[in-house]
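In: Need a 3D model of the sequence below.
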Amino acid sequence: MNVDHYDFNLPEELIAQTPLADRSSSRLLLVNKESGQLDHGHFTDILGQFRPGDTLVLNDTRVIPARLFGVKEDTGAKAEVLLLKNLEGDRWEALVKPGKKLKTGAVIIFSEELRAVIEEEADMGGRTLRFIYQGIFQEILDRLGSMPLPPYIKETLDDRERYQTVYARHEGSAAAPTAGLHFTNVLLEQIAAIGVNIAYITLHVGLGTFRPMSVETVEEHVMHAEYFELSQATADLLNEARARGGRIIAVGTTSCRTLETVGRQCQGGPIEACSGWTDIFIYPGYEFTVVNALITNFHLPKSTLVMLVSALAGRELILAAYEEAIKQRYRFFSFGDAMFIY
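Out: The predicted model follows:
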């Protein structure tokens, strides 16, 4: 399957550069995967789409200020580091710029209290770093680090919390699970009042978010592993929903990938609490075992995320929905509008 089959022309001015003042005032495209019908609304209209007995699954990961700026110790040349994953202790997997000049053994100085040594090299700017510091690392990172906004966002983010969901709890992500940015605490209370159970999983978003596909065919692509956790409380809610015929609605592709990973591990049996690493790649032909519906943002052309939503609703319908969204001037990507595939 050729990657180009998931390409589309997106006008640059439709890429949202800043979040809306009100999280829940985004637009919402409703996509009926059975009938193919497309309807337009606003995000708060999602209330009318839920049924008592549904279970809404949210990713409660919290983004760390993972972008650091420093200088190369020996030359004073500028260096940039994007933290992706804590490996063990003070060792981190990261992306660095400029990759050609930051080789094994190089030392990057960020401040008097923080420096890093490059221990290993990988492809496409990937590195393993070991940090040397005085004090508490997380406190230093909070002071020196900046939010790792995607490269297509050129504007400065004034409020860090606008790149966090209102329910973000567990620190570890290099990017926000952006479908969740539309929810407010008030909206979540209204959803619960309908009789919808709200469950949480954790998936720390990593390298896969930042790396484009560099292969010609979909089947050749290898996903980067990301850490996830699913609690016993969430497992119980999911099993209850399945037993009574309620829908499991994932908020975002990260929640979707976590649920489907766990579903495969349980081999069709009851969902069990678990944690670990997932590199699941969902594209057309995949048979969903847990997720019935999905709330998601609009994604990059030729991305693994477009392929995931195409697996759920069909490539033709998704591309038609994207064409309609472009025609109606929806806002795209992280700070953009949403769609509900049901």
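
In: Might you report the residue contacts of the nearest residue to Asp22 once chain neighbours are set aside?
Out: If you skip the residues right next to it in sequence, Asp22 has Thr184 as its closest partner in space, 7.9 Å away by C-beta to C-beta, 6 or more residues apart in numbering. For every residue, glycine as well, the C-beta is placed using N, CA and C. For Thr184, the contacting residues are Asp22, Arg23, Ser24, Val166, by C-beta atoms under 8 Å, 6 or more residues apart in numbering.

In: Which of the residues you listed fall within helices?
Out: Helix and strand membership here follows DSSP state H; of those, not one is in helices.

In: Any of those residues buried? List them.
Out: Among these, those that count as buried by neighbour count (16 or more other C-beta atoms under 10 Å) are Arg23, Ser24, Val166.

In: how about the residues you listed in TSV, adding pLDDT?
Out: Output for the buried ones among the contacts of Thr184, formatted as TSV (pLDDT from 0 to 100):
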residue	pLDDT
Arg23	97
Ser24	97
Val166	98
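
In: Count the neighbours of Ala233 for me.
Out: By other C-beta atoms under 10 Å, 11 other residues sit near Ala233.

In: Likewise for the one 3 residues further on?
Out: Summarising burial for Asp236: neighbours were counted as other C-beta under 10 Å, giving 15.

In: Okay, and the beta partners of Ala199?
Out: Under the criterion DSSP bridges, Ala199 forms beta bridges with Val57.

In: That one and Asn59, how far apart?
Out: Relative to Asn59, Ala199 is positioned 11 Å away (C-beta to C-beta, to the nearest Å).

In: can you check Leu20 too?
Out: Counting by C-beta to C-beta, the gap between Leu20 and Asn59 amounts to 21 Å.

In: where along this structure do the helices fall?
Out: Under the criterion DSSP H, helices of the chain are mapped to 137-144, 185-194, 232-244, 252-265, 304-313, 315-327.

In: and of these, who's closest to Pro150?
Out: helix 304-313 (12.1 Å; C-beta to C-beta).

In: Can I get the closest one in PDB? Just the C-alpha atoms.
Out: Provided in PDB are the C-alpha atoms of helix 304-313 (Å, rounded to 0.1, in the frame of the first residue of the first chain):
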ATOM      1  CA  THR A 304       0.600   7.200  10.500                       C
ATOM      2  CA  LEU A 305      -2.300   9.000  12.300                       C
ATOM      3  CA  VAL A 306      -4.200   9.500   9.000                       C
ATOM      4  CA  MET A 307      -3.700   5.800   8.400                       C
ATOM      5  CA  LEU A 308      -5.100   5.000  11.800                       C
ATOM      6  CA  VAL A 309      -8.300   6.900  11.300                       C
ATOM      7  CA  SER A 310      -8.600   5.400   7.800                       C
ATOM      8  CA  ALA A 311      -8.400   2.000   9.400                       C
ATOM      9  CA  LEU A 312     -11.400   2.900  11.500                       C
ATOM     10  CA  ALA A 313     -13.600   4.600   9.000                       C
END
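
In: Can you give the distance of that helix from its chain's centre?
Out: Its chain's average C-alpha position is 14 Å from that of helix 304-313, according to C-alpha atoms, centre = their mean, to the nearest Å.

In: Now do that helix against helix 315-327, angle only.
Out: 120 degrees (axes from the mean of the first three to the mean of the last three C-alpha atoms, to 10 degrees).

In: Please enumerate residues in contact with helix 304-313?
Out: Applying C-beta under 8 Å, 6+ apart, the contact partners of helix 304-313 are 6, 31, 33, 208, 213, 218, 221, 223, 253, 256-257, 281-286, 288, 291, 294, 296, 299-300, 318-319, 321-322, 341.

In: Would you state the strands of the stretch 51-200 of the chain in chain order?
Out: With DSSP state E, counting those that start in this stretch applied, the stretch 51-200 of the chain shows strands at 55-59, 61-63, 67-72, 78-88, 91-97, 107-111, 114-121, 126-133, 170-173, 197-203, listed in chain order.

In: Now do the first one: which elements does it pack against?
Out: Pointing back at strand 55-59 there. Packing contacts for strand 55-59, counted by 3 or more C-beta pairs under 8 Å, 6 or more residues apart in numbering; DSSP states H and E, involve strand 197-203, helix 232-244, strand 248-251, helix 252-265.

In: As CSV, the ones you listed with distance to Ile140 and mean pLDDT would be great.
Out: Below are the helices and strands packed on strand 55-59 laid out as CSV (distance: least, C-beta to C-beta, whole Å; pLDDT from 0 to 100):
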stretch, distance to Ile140, mean pLDDT
strand 197-203, 24, 98
helix 232-244, 33, 97
strand 248-251, 32, 98
helix 252-265, 27, 97
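
In: Determine which stretch of these is the most buried.
Out: strand 248-251 (a mean of 27; mean count of other C-beta atoms under 10 Å).

In: which other residues reach that strand?
Out: Strand 248-251 has contacts (C-beta under 8 Å, 6+ apart) with 50, 54-59, 177, 179-180, 183, 238, 241-242, 256, 259, 290-295, 342.

In: isn't Gly336 right up against Thr296?
Out: No. In terms of C-beta atoms under 8 Å, Gly336 does not count as a neighbour of Thr296; the distance is 10.7 Å.

In: so how far is Val96 from Thr253?
Out: Counting by C-beta to C-beta - Thr253 and Val96 are separated by 26 Å.
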